[in-house]
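Chemist: starting from these lines, generate the structure:
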Amino acid sequence: MKTITSSFEYKILDYNELSDTQKQLVDHARKATYRSYAPYSNFKVGAAILLSNGVIVDGANQENAAFPAGTCAERSACFYAGAEYPDAKFKAIAIAARDASDDFIVNPISPCGVCRQALLEYENKGGKPVEVLLIGRDKIYSINSISDLLPFAFTEF
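Modeler: Model (predicted):
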């Protein structure tokens, strides 16, 4: 039997510790939560992706009564960026959420498994790690790469 330990490093930051670019990305993600359509879960998620051409693309979750026909914020932004800017590489993504009381959630959330896989596809396409900023009310997790969130990713066969 062989035992392997897998771990990754991440930073816990306050908003004031972010670079100007990171702050801009966080602000975009927070604003995107207000464009969420979440009448069933009341969990409003926003995502913002910084592209290599300097453009920031936003996305918000869009729910549907015919669950699971909705789309997560991360994939909303991801697929729009891929369709509108096919030659741009993803540099970073920020993700924020508000709860039913309309407050930003206390603890940062991470993307679901489907979104992790979709984002990883674009990280692999770009050939460089994509920084991930997971936003909570008072703290932000900075993760070096989407691949850190999905150690056993589905890859081409």
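Chemist: shouldn't residue 62 be in contact with residue 71?
Modeler: Yes - here residue 62 reaches residue 71: they are 5.0 Å apart, a contact under CB atoms under 8 Å. (Glycine included, C-beta is placed from N, CA and C.)
Chemist: which one's more surrounded, these two?
Modeler: Neighbour count, other CB atoms under 10 Å: between residue 62 and residue 71, residue 71 has more, with 20 against 17.
Chemist: tell me the phi and psi of the more buried one?
Modeler: The phi and psi values for residue 71, taken as degrees, to the nearest 10, are phi -130, psi 140.
Chemist: go on, the one 4 residues further on?
Modeler: Residue 75 adopts backbone torsions of phi -70, psi -30, taken as degrees, to the nearest 10.
Chemist: distance of it from residue 128?
Modeler: 20 Å (CB to CB, to the nearest Å).
Chemist: looking at the two, which one has more neighbours?
Modeler: More neighbours surround residue 75 than the other of residue 75 and residue 128, with 21 against 13 (other CB under 10 Å).
Chemist: quick check: next helix or strand after the helix or strand hosting residue 49?
Modeler: Under the criterion of DSSP states H and E, residue 49 resides in strand 44-51. Downstream of strand 44-51, the first helix or strand assigned by DSSP H and E is strand 56-60.
Chemist: which intervals of the chain have sub-threshold pLDDT?
Modeler: Across the chain, the ranges flagged by pLDDT under 70 are 156-157.
Chemist: could you rerun that using 90?
Modeler: Low-confidence segments of the chain (pLDDT under 90): 4-8, 66-69, 151-157.
Chemist: the chain: strands as residue ranges?
Modeler: 10-13, 44-51, 56-60, 90-98, 131-135, 140-143 (DSSP state E).
Chemist: format those as JSON lines; extra columns: distance to residue 35 and mean neighbour count.
Modeler: Formatted as JSON lines, those follow (distance: least, CB to CB, whole Å; neighbours: other CB atoms under 10 Å):
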{"stretch": "strand 10-13", "distance to residue 35": "25", "mean neighbour count": "13"}
{"stretch": "strand 44-51", "distance to residue 35": "7", "mean neighbour count": "26"}
{"stretch": "strand 56-60", "distance to residue 35": "4", "mean neighbour count": "23"}
{"stretch": "strand 90-98", "distance to residue 35": "11", "mean neighbour count": "25"}
{"stretch": "strand 131-135", "distance to residue 35": "16", "mean neighbour count": "24"}
{"stretch": "strand 140-143", "distance to residue 35": "21", "mean neighbour count": "20"}
